[in-house]
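1. Quick one, structure for this:
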Amino acid sequence: MQQLSEDILKKVILFQKTEITEYHIYKRLAKRIKSEENAKILDKIAEDELRHYNGWKKYSNVDVQPNSFRIWFYYIVSMLFGFTFGVKLMEQGEEKAQANYAAIIKEIPEAAQYQHEEDIHEEQLINMLDEERLQYAGSVVLGLNDALVELTGALAGLTLALQNTKLIALSGLITGIAASLSMAASEYLSTRSEDTKKHPVRAAVYTGIAYISTVALLILPYLLFDNFYLDLAISLTTGVIIIAIFNYYISVAKGESFRERFLEMAGLSLGVAAFSFVIGYFIRIWLGIEV
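-> The predicted model follows:
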């Protein structure tokens, strides 16, 4: 076995730690997911990671312990947000490792094979999209997007028209609750008429929950603070944060562009809010309302 330089040896040991850590993560996830096909894929990937670990060990001649924190972190993330999100989030961190593989191919020829197999793993994981929460992502998008666009616009208009936090909260809640029920019913009828695997009731529930949850978060500032301009600013900021979190989740799980989705949803919501704010001002002047 050839003598490795100190720099190469450090990289090999780091590769070992990554491989044995991911072996344990994939093994645990393979035992928990419902899809037999995806479980087999994860199990096969896990065995490949263990083989890579043993391959690197031939060069380092040392045993390396897995990173327990990473194992539990990605396992918990996968249980909370879905295995698709968890494993794809983990795979994003492998790009740097694959670049390091290329840097040591001259010294360790097996690195080329390992890199090729890691590329195959990435492709397999990209194609794994068989979870209920992702199948119904469209319903969640519908609920979130409609609530954000409609309610941020309504709150902006009501804020300038009414200038009373309690009245704004009351009007916003009535509007939001009614709209959430309407959207859930529309999603039920729409899904029922489509040729899809989605269950109409579940699609309606996902839409309704996404809508009413967004409504609650946007209305909350008006129930806590008396300055209606501050409340509007907090609500709009909350809306942008919701958009960012959801689009990050979808971008990782589905491999889509975060920036494009985020800018589209954020621009639409804030644009409607700005337009409604101006409309509320002119309607208040036109009707001569003083609250």
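2. Would you mind stating the distance between Tyr59 and Lys27?
-> Distance, Tyr59 to Lys27, using CB to CB, to the nearest Å: 24 Å. Glycine gets a C-beta too; all of them are placed from N, C-alpha and C.
3. between those two, who's got more neighbours?
-> Under the neighbour definition other CB atoms under 10 Å, Tyr59 and Lys27 were set side by side, and Tyr59 has more, 22 against 17.
4. any idea which helix or strand carries Glu256?
-> Taking DSSP states H and E as the criterion, no element holds Glu256; it sits outside all helices and strands.
5. nearest spatial neighbour of it, skipping sequence neighbours?
-> Ile250 (6.2 Å; CB to CB, 6 or more residues apart in numbering).
6. The one you found against Arg261, yeah?
-> Yes. Counting by CB atoms under 8 Å, Ile250 does reach Arg261; the two are 6.7 Å apart.
7. Which positions within stretch 239-250 qualify as buried?
-> When burial is assessed from 16 or more other CB atoms under 10 Å, stretch 239-250 yields the following buried residues: 239-240, 242-243, 246-247, 249-250.
8. repeat for stretch 264-275
-> Of the residues in stretch 264-275, those scored as buried under the neighbour-count criterion (16+ other CB under 10 Å) are 265-266, 268-270, 272-273.
9. How about stretch 157-171?
-> When neighbours are counted by 16+ other CB under 10 Å, the buried residues of stretch 157-171 are found to be 157-165, 168-171.
10. Would you convert those into TSV that also reports distance to Asn227 and secondary structure?
-> Below are those laid out as TSV (distance: CB to CB, whole Å; DSSP: H, G, I helix; E, B strand; the rest coil):
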residue	distance to Asn227	secondary structure
Gly157	18	helix
Leu158	15	helix
Thr159	10	helix
Leu160	14	helix
Ala161	16	helix
Leu162	14	helix
Gln163	11	coil
Asn164	12	coil
Thr165	8	helix
Ile168	12	helix
Ala169	13	helix
Leu170	17	helix
Ser171	18	helix
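11. And the furthest pair within those residues?
-> The two members of these with the most space between them (CB to CB) are Leu160 and Leu170, at 16.3 Å.
12. For the one helix or strand Leu232 maps to, which helices and strands make contact with it?
-> Here Leu232 is covered by helix 228-254, with elements defined by DSSP H and E. Under the contact criterion of 3 or more CB pairs under 8 Å, 6 or more residues apart in numbering; DSSP states H and E, the helices and strands touching helix 228-254 comprise helix 83-92, helix 137-162, helix 165-193, helix 200-224, helix 258-287.
13. let's go with 6 Å and repeat that
-> Judged by 3 or more CB pairs under 6 Å, 6 or more residues apart in numbering; DSSP states H and E, the packing partners of helix 228-254 are helix 83-92, helix 137-162, helix 200-224, helix 258-287.
14. Work out the gap between the shortest one and the centre of the chain.
-> Centroid separation between helix 83-92 and its chain, computed with CA atoms, centre = their mean, to the nearest Å, is 10 Å.
15. Check which residues of it are buried.
-> With burial defined by 16+ other CB under 10 Å, the residues of helix 83-92 counted as buried are 83-91.
16. which residues make contact with stretch 69-79 from outside it?
-> Judged by CB atoms under 6 Å, 6 or more residues apart in numbering, the contacts made with stretch 69-79 from elsewhere in the structure are 21, 24-25, 28-29, 86, 90.
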